[in-house]
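K.L.:
What follows is a predicted protein model with its sequence.
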Amino acid sequence: MENSFEDSQRFGNDLKVILLGNVSSGKTSIVERYINNIFRDKLRATISPNFAYKLIKKNNTIYRVHFWDIPGQDRSPQITSVFCRDAHGFIFCCDALVKKSREDIITWKKSLENVLDTSDIPLIILENKCDLLGKENDYNKNIEELKKFSEENNFLGAFRTSALNGYNINNAINFLVDEIINKVEKEEEENKKLNNKENGRKSLRLNEINVQKAKSNKCC
Ligand SMILES: Nc1nc2c(ncn2[C@@H]2O[C@H](COP(=O)(O)OP(=O)(O)OP(=O)(O)O)[C@@H](O)[C@H]2O)c(=O)[nH]1
Ligand SMILES: [Mg+2]
């Protein structure tokens with residue numbers, strides 16, 4: 001779907017997804033691949049948080065999904081608290097060739113948990129640059145290890161991706177966005193039910209008051 005200004009004016013469903021992870025794990029490249037389907041070689045390090053959005057239609061609703069790309073060099077509590085507080089979901093990125101980069105995801109998650117209770121927020125891992133692991137058929141070699149790591153650390157899912165050739169990027173991010181939208185729609189449904197109940201009680205009370213008024217106004 002095209003991201004046009006007119007489109008963005010027509011709806012109010014904004015969702016916020018944050019990308020966290022070490023320097024050079026590929027966060028900026030992943031966002032550019034997902035949103036614009038491009039890849040730039042030799043990208044400069046991101047020096048301040050950036051965002052870009054994509055319009056996604058689901059169940060007849062258009063959502064504007066904002067992707068916040070946080071610089072890997074900045075793990076300061078200010079950044080996580082300012083940008084992450086109202087996020088709907090998180091993508092933790094690591095480099096498939098750098099073992100420490102996967103382990104560092106735990107540190108990123110811990111610094112996030114200092115400012116936010118993540119137990120009810122969808123979090124996924126993207127182990128990026130899998131094109132450097134070998135042939136396409138080998139992309140999923142030892143994927144069980146990654147899945148186990150993800151389960152043990154309470155992530156919703158983990159994917160090998162390549163921003164360079166696009167492998168699994170749409171699949172992985174659409175999975176996260178779907179989860180977020182399902183959650184948001186369920187919450188809205190529950191809120192509606194609660195409001196209806198509340199309105200029902202109010203109108204019952206109003207009816208009772210009207211009946212009492214009518215009774216007291218009756219002339220004998
Ligand atoms: N081979 C390969 N290179 C990639 C891939 N993704 C990113 N790169 C390259 O890796 C380098 C770092 O990528 P970035 O997207 O800038 O990484 P980043 O996580 O945004 O880094 P910071 O902004 O410093 O936090 C760039 O030169 C990219 O071209 C990939 O999937 N495969
Ligand atoms: Mg970057």
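P.N.:
Received it, and whenever you're ready, just let me know what you need. Ligands and ions are numbered 1, 2, ... in the order given.

K.L.:
show me where the chain has strands.
P.N.:
Residue ranges of the strands in the chain, as given by DSSP state E, are 13-21, 50-58, 61-69, 89-95, 123-128, 157-160.

K.L.:
Can you tell me which of those is packed in deepest?
P.N.:
strand 123-128 (a mean of 28; mean count of other CB atoms under 10 Å). The C-beta positions use only the backbone N, C-alpha and C, and glycine is treated the same way.

K.L.:
hmm, that strand in reach of ligand 2?
P.N.:
No - judged by CB under 5 Å from the ion, strand 123-128 makes no contact with ligand 2; its nearest approach is 11.6 Å.

K.L.:
got the angle for that strand vs strand 89-95?
P.N.:
30 degrees (axes from the mean of the first three to the mean of the last three CA atoms, to 10 degrees).

K.L.:
May I have strand 123-128 as CSV, with CA atoms only?
P.N.:
Output of strand 123-128 as CSV, limited to C-alpha atoms (Å, rounded to 0.1, in the frame of the first residue of the first chain):
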residue,chain,number,x,y,z
LEU,A,123,8.6,-8.9,21.5
ILE,A,124,10.4,-10.6,18.7
ILE,A,125,14.0,-11.3,17.8
LEU,A,126,15.4,-10.8,14.3
GLU,A,127,18.8,-12.5,13.8
ASN,A,128,19.8,-10.5,10.8
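
K.L.:
Tell me how far that strand lies from the chain's centre.
P.N.:
Taking CA atoms, centre = their mean, to the nearest Å, the mean C-alpha location of strand 123-128 is offset from the chain mean by 12 Å.

K.L.:
same thing with stretch 117-125?
P.N.:
9 Å.

K.L.:
Need the contact partners of that stretch.
P.N.:
87-94, 102, 105, 109, 112, 146, 149-150, 154-159, 172, 175-176, 179-180, 183 (CB atoms under 8 Å, 6 or more residues apart in numbering).
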